[in-house]
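Visitor: sequence and computational prediction follow.
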Amino acid sequence: MDEDPPVIVLAPSPDGGRQVTVRGERAGVAYSLFDVLEFLHGAGLPAQDTAIDDPTLIEWRGGGPYDWNGADTE
């Protein structure tokens, strides 16, 4: 039984990009919420704005959907 959501967004790297996996496969690097929505759309998953807050669809690791600047540690 797979309990993980289909999309996992990892913590921001120093350049602000976040690795994204879709159904266990590496989808690419997102640099904004728009990029994450594009990955959802490309995978045939719901890509409306409300999807970013759906924990059954996306797991945000190392920061939420509004955390993109990995270089900022102040």
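Guide: It's in. Numbers count the residues shown, from 1 in each chain.

Visitor: got the contact list for the residue nearest the centre of the chain?
Guide: Centroid check for the chain by CA atoms, centre = their mean gives residue 9 as the closest residue, at 3.2 Å. Contacts for residue 9 (CB atoms under 8 Å, 6 or more residues apart in numbering) come out as 18, 19, 20, 30, 36, 58, 59, 60, 61, 65. Every residue, glycine included, has its C-beta placed from N, CA and C.

Visitor: and for residue 8?
Guide: Residues counted as contacts of residue 8 (CB under 8 Å, 6+ apart) are 20, 21, 58, 59, 61.

Visitor: assumed it was part of a strand.
Guide: Yes. Per DSSP: H, G, I helix; E, B strand; the rest coil, residue 8 lies within a strand segment.

Visitor: centre of the chain to the worst-scoring helix or strand of the chain on mean pLDDT, how far?
Guide: Counting by mean pLDDT, DSSP states H and E, the chain has its least confident helix or strand at helix 33-42, which shows a mean of 94. Taking the mean of its C-alpha atoms, helix 33-42 sits 8 Å from the chain's own mean (CA atoms, centre = their mean, to the nearest Å).

Visitor: so what does it touch, helix or strand wise?
Guide: Helices and strands touching helix 33-42, by 3 or more CB pairs under 8 Å, 6 or more residues apart in numbering; DSSP states H and E, are strand 7-9, strand 18-22, strand 25-30.

Visitor: format these as CSV; extra columns: mean pLDDT.
Guide: Listed next are the helices and strands packed on helix 33-42 as CSV, based on pLDDT from 0 to 100:
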stretch, mean pLDDT
strand 7-9, 97
strand 18-22, 97
strand 25-30, 97
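
Visitor: including distance to residue 47, could those strands go into a markdown table?
Guide: Below are the helices and strands packed on helix 33-42 laid out as a markdown table (distance: least, CB to CB, whole Å):
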| stretch | distance to residue 47 |
| --- | --- |
| strand 7-9 | 11 |
| strand 18-22 | 12 |
| strand 25-30 | 13 |
